[in-house]
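With the input below, show me the fold.
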Amino acid sequence: MEYLVTMTTHVPDGTSVEAVDDMRTREAARARELAAAGTMLRLWRPPLEPGEWRSLGLFAADDTDRLEAALSSMPLRVWRTDEAVALLPHPNDPGPAPVRRDHDPTVMEFLTTFDVHVPDGATAAAVQEMLDAEARRARDLAEDGDLVRLWRLASPPERPRALGLWRTRGADQLGAALESLPMIAWMTIDTTPLSEHPSDPALHGAGP
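Residues are numbered from 1 along each chain as shown. Below you'll find the model as predicted:
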């Protein structure tokens, strides 16, 4: 099972620069071990306020106990709080694939949260037609390399939610991709731009 983990670190007041540097070094070493074991799949930095120390991680574990064991094995855990969200299989998920690294500064990654609001009065046939069209468009976007992953989020059946990972040449290309989705009129979308993390397994030839 896969999980998205928000990791927020609070360095204790009075901690020396040397102690912080040592912690970073040990954390990076443990991250490499977890990546080699297939537990840490990706690591990013979301937008941060000055002084914030926060990361987003994509992890794989058999269950929440195994996930907790992995997270608690990381040296920074003594300064850190973690919030994990279970990611459920989505029928339109392209599936894990090697990360393309062309070092083009215009290529960015984004997470998008989709909240679907089916209009009142929509027939079952109309909903199914929309779902079929959405699946076809998702396949096209995956083939183009824009849509990287897609997961379901736990939610009531009448209000489905999903999480998407995208890789596009900037926010404008992402916006065009999202606008091309057949279900766009039925969705509200929250977008998080992602920056590279130095311990991201994808930067070192690992990760999906």
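
quick one: the helices in the chain?
17-36, 64-72, 124-143, 171-179 (DSSP state H).

contacting residues around the last one?
Pointing back at helix 171-179 there. With contacts defined as C-beta atoms under 8 Å, 6 or more residues apart in numbering, helix 171-179 is touched by M108, F110, T112, L141, D146, L147, W166, T168, I184, I189, T191, P193. C-beta: built from backbone N, CA, C; applies to glycine.

Measure how far that helix is from the centre of its chain, please.
Relative to its parent chain, helix 171-179 has a centroid offset of 17 Å by C-alpha atoms, centre = their mean, to the nearest Å.

please renumber so the chain begins at 327
Happy to do that; since the first residue is 327 now, the last one works out to helix 497-505.

can you give me the end-to-end distance of stretch 505-512?
Using C-alpha to C-alpha, to the nearest Å, one end of stretch 505-512 lies 12 Å from the other.

Return the mean pLDDT over it, rounded to an integer.
Stretch 505-512 carries an average pLDDT of 96.

re earlier: of the contacts of helix 497-505, closest to D419?
Checking the contacts of helix 497-505 against D419 with C-beta to C-beta, the nearest one is L473 at 9.0 Å.

Quick check: closest non-adjacent residue to the closest one.
Nearest non-adjacent residue to L473, counting by C-beta to C-beta, 6 or more residues apart in numbering: L467, 4.0 Å away.

Then W492?
In space, W492 is closest to F436, 4.6 Å off (C-beta to C-beta, 6+ apart).

Tell me how many other residues crowd that neighbour.
For F436, the count of nearby residues is 21 (other C-beta atoms under 10 Å).

Thought T517 was touching it, still the case?
Yes - here F436 lies in contact with T517, judged by C-beta atoms under 8 Å, at a distance of 5.6 Å.

coming back round to it: now the helices of the chain in TSV, with mean neighbour count?
Converted to TSV, the helices of the chain look like this (neighbours: other C-beta atoms under 10 Å):
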stretch	mean neighbour count
helix 343-362	14
helix 390-398	15
helix 450-469	14
helix 497-505	15
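
Tell me which residues touch the residue nearest to L473, please.
L473, A503, S506.

Out of these, the closest to L393 would be?
Using C-beta to C-beta, the contacts of L467 come closest to L393 at L473, 25.3 Å.
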